[in-house]
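> fold the stuff below for me.
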Amino acid sequence: MQNTIDTTLEALRQRWSDSRIHVFDVQAQTGEGRVVLSGEVLEVAQLDELRSALGAQADAGGVRVLRQPGAPLWSVTTNLTSLHSGRSFISEQISQMLNGAQVEILKQEGNWGYVRQTDGYLGWTYLPYLGEVERFEAGHLVISPVSVLLAEPEQDADRLTRVLGGTAVHVARAKHEWGEVILAGGLTGWLPLTDLRSRVHLPSSETQRREQIVQDGLRMTGVPYLWGGVSANGIDCSGLAQLLHRWVGFTLPRDADMQCAAGRPVEPPFQPGDLLFFGEQGERRNITHVAVSVGGWNIIHSSRSRNGVHTDNVQEVKGLRESFLQAATYLAE
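Here you go, the predicted structure:
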């Protein structure tokens, strides 16, 4: 019986092995014809499947389901916070979250919470930077890499904070060339209207979206490379691809291999806005890098070797040319 149980658990562990979006940490003890399970899973459906696979002899009372119906959503109330692989700022940073990003808190240990973002991405974050914020209509996106929130609609007014590109804000009113915006957490101030893009007036055609992604990407030139970064404070390759698509109304998965899997495959000649993926054959995750085409093999990407966001030509850079694997798009109509 033990071999059967071990085989079943291992099969389920492999099925839900991607710890970025799944949790399946279950152990079994056997004795006197019973199987006692302990550990945790993310979804109740996983527990139901586990019970079904092991049969009536399995006691799953010791397995904790992390996602509970009706759990409140919490929002990031600082301008930026980090997501980590462990309960510490010195553990690996796996991503970041902008003001207003919403999460479910799955478990808590001290000031740290294990959270699930709305796209399913999992990690640990610092709870004092979150709050139970009522949803408000965030109808605009900040499109400047960094915009300074001012106390008054005047260039020399007191500075309140920096608002990072990609942040969704509510515009309460406009005054001349300024918009009064409200951030998650309640901070209110003024931003230039030129730094905002209405979600109602996002590019509406494929051609417009492709052109806009190139324009937006070039404005990020020189932003330093940061593993797990998503903003102009520092950004990684998939964070850049995600941000540029967010600015034209598309939500992409967080990591490069996820973006490749979810996109629509395309072949050369590449159009502006297509995503080009690179990696090493034989790795568990082949895809290790993503770039955005600005037309053909010309790309903009956040590159560790270039220490930030720069343009390159794939065919002229040996490392890129030899590691190119495939391409995909989210923009084709």
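> which residues sit in contact with Arg34?
Arg34 is in contact with 57, 59, counting by CB atoms under 8 Å, 6 or more residues apart in numbering. For the C-beta atoms, the positions are set from N, CA and C on the backbone; glycine is no exception.
> ok, what's across the strand from it?
According to DSSP bridges, Gly31 are recorded as the beta-bridge partners of Arg34.
> how much space between it and Thr7?
18 Å (CB to CB, to the nearest Å).
> tell me the contacts of the nearest residue to Gly165 once chain neighbours are set aside?
Using CB to CB, 6 or more residues apart in numbering and skipping the chain neighbours, the partner closest in space to Gly165 is Pro145 (4.7 Å). By CB under 8 Å, 6+ apart, the contact list for Pro145 reads 164-165, 219-220, 223, 231-232.
> phi, psi for Pro145 please.
phi -50, psi -40 (degrees, to the nearest 10).
> next structured bit after the helix or strand Val163 falls within?
Taking DSSP states H and E as the definition, one finds Val163 inside strand 159-164. Following the chain from strand 159-164 toward its C-terminal end, the next helix or strand by DSSP H and E is strand 168-175.
> show me what that next one is packed against.
For strand 168-175, the helices and strands in contact under the criterion 3 or more CB pairs under 8 Å, 6 or more residues apart in numbering; DSSP states H and E are strand 140-142, strand 178-182, strand 188-192.
> let's see it at 10 Å
Helices and strands touching strand 168-175, as assessed by 3 or more CB pairs under 10 Å, 6 or more residues apart in numbering; DSSP states H and E, comprise strand 140-142, strand 178-182, strand 188-192, strand 196-198.
> who are the packing partners of the last one?
It stands for strand 196-198. Counting contacts by 3+ CB pairs under 10 Å, 6+ apart, the secondary-structure elements packed against strand 196-198 are strand 140-142, strand 168-175, strand 178-182.
> now do the helix or strand just after it: distance to the chain's middle.
Next helix or strand after strand 196-198 toward the C-terminus (DSSP H and E): helix 206-219. Shown here is helix 206-219, whose average C-alpha point lies 20 Å from the average C-alpha point of the whole chain (CA atoms, centre = their mean, to the nearest Å).
> next: stretch 216-232.
The chain centroid and the centroid of stretch 216-232 are separated by 14 Å under CA atoms, centre = their mean.
> report the buried residues of that stretch.
Of all the residues in stretch 216-232, those buried under the rule 16 or more other CB atoms under 10 Å are 216-217, 219-220, 223, 225-226, 228-232.
> tell me which of those residues is nearest to Leu150?
Ala232 (18.1 Å; CB to CB).
> residue most distant from the centroid, this protein?
What lies farthest from the middle of the chain is Glu32; by CA atoms, centre = their mean that is 46.6 Å.
> please report how far that residue lies from Asp59.
Noted for Glu32: a distance of 11 Å to Asp59, by CB to CB.
> if we can go back for a sec, can you add distance to Ser323 and pLDDT and give the buried residues of stretch 216-232 back as CSV?
Shown next, in CSV, are these (distance: CB to CB, whole Å; pLDDT from 0 to 100):
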residue, distance to Ser323, pLDDT
Asp216, 25, 98
Gly217, 21, 98
Arg219, 27, 97
Met220, 22, 98
Val223, 22, 98
Tyr225, 17, 98
Leu226, 21, 98
Gly228, 21, 98
Gly229, 22, 98
Val230, 23, 98
Ser231, 26, 98
Ala232, 27, 98
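> which of these sits closest to Ala11?
Within these, proximity to Ala11 (CB to CB) peaks at Gly228, which comes in at 31.2 Å.
> what is the helix or strand hosting Arg13 packed up against?
Counting by DSSP H and E, the element that carries Arg13 is helix 2-15. Here helix 2-15 touches strand 24-31, strand 34-41, helix 44-54, going by 3+ CB pairs under 10 Å, 6+ apart.
> centre of the chain to that helix, how far?
Taking CA atoms, centre = their mean, one finds the center of helix 2-15 at 31 Å from the center of the full chain.
> with stretch 193-211 instead?
What separates the centre of stretch 193-211 from the centre of its chain is 21 Å, taken as CA atoms, centre = their mean.
> for it, measure first residue to last.
21 Å (CA to CA, to the nearest Å).
> that one: which residues count as buried?
If you call a residue buried by 16+ other CB under 10 Å, then stretch 193-211 has these buried ones: 193, 195-197, 203, 209-210.
> ok, now stretch 85-99?
By neighbour count, with 16+ other CB under 10 Å as the criterion, the buried positions of stretch 85-99 are 87, 93-99.
> before we move on, what about stretch 106-116?
By neighbour count, with 16+ other CB under 10 Å as the criterion, the buried positions of stretch 106-116 are 106, 112-116.
> who touches Arg135 in this structure?
73, 75, 100, 102, 184 (CB atoms under 10 Å, 6 or more residues apart in numbering).
> got phi/psi on it?
When quoted as degrees, to the nearest 10, the phi and psi of Arg135 stand at phi -60, psi 140.
> same thing with the one 4 residues further on?
Gly139 has phi and psi values of phi -90, psi 0 when expressed as degrees, to the nearest 10.
> in TSV: the helices and strands packed on helix 2-15, plus distance to Thr288.
As requested, the helices and strands packed on helix 2-15 are arranged in TSV below (distance: least, CB to CB, whole Å):
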stretch	distance to Thr288
strand 24-31	25
strand 34-41	29
helix 44-54	29
